[in-house]
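*Asks:* Give me a model of this one.
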Amino acid sequence: MTQTNLKFEQHRADFDYCQSITKQSSNAFYTAFSKLPQTRAWSIYAVYAFCRTADDLVDVHHDIAGLVALRRSLTDFAAGRIPNHPMWRALAVVFETYDRISMPFSTCLAVKNKTPTLHNRQRNEN
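*Replies:* Numbers count the residues shown, from 1 in each chain. Presented below is the predicted three-dimensional model:
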């Protein structure tokens, strides 16, 4: 077993958590990426779990505080402080293994923050 595979295996439960989010939210997406080599598929499931979490906070739950908390967790993550949550632990392995690019994650949250549904709800709550 390679060092990379060992890292992934050590966090199997974290990746299983992300995989379950992917499978529940998009069976087609899950099926398509399950054909990749295991560590790549698990990596995509971790990224998808982040995107799905951000999307659901806005579109399903309309949870501004949750989105702020997710942004705070992302800031901690980017600074090397890994939040104690399966998604973040899985992402830490992914970012250790592949080129670490946090801009798409920050951009995802910035776009979600400007979503009309969230924006209108923010105004109505003030």
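
*Asks:* quick one: pLDDT of the residue nearest the centre of the chain?
*Replies:* Nearest to the mean C-alpha position of the chain, by CA atoms, centre = their mean, lies Phe50 at 1.4 Å. In this prediction, Phe50 carries a pLDDT score of 95.

*Asks:* Please identify which helix or strand holds it.
*Replies:* Using DSSP states H and E, Phe50 falls within helix 38-59.

*Asks:* Run through who's touching that helix.
*Replies:* 4-5, 8, 14-15, 17-19, 21-22, 25-26, 29-30, 33-36, 63, 66-67, 70, 87, 90-91, 93-94, 97-98, 105, 108-109, 112, 115, 117-118 (CB atoms under 8 Å, 6 or more residues apart in numbering). All C-beta atoms are positioned from the backbone trio N, CA, C, and that covers glycine.

*Asks:* Report the buried residues of that helix.
*Replies:* Neighbour counts over helix 38-59 (16 or more other CB atoms under 10 Å) mark 39, 41-55, 57-58 as buried.

*Asks:* ok, residues contacting the helix or strand harbouring Trp88?
*Replies:* Here Trp88 sits within helix 86-97, counting by DSSP H and E. Here helix 86-97 makes contact (CB under 8 Å, 6+ apart) with 4, 7-8, 11, 13-15, 17-18, 21, 39, 42-43, 45-47, 49-50, 53, 73, 77, 82, 102.
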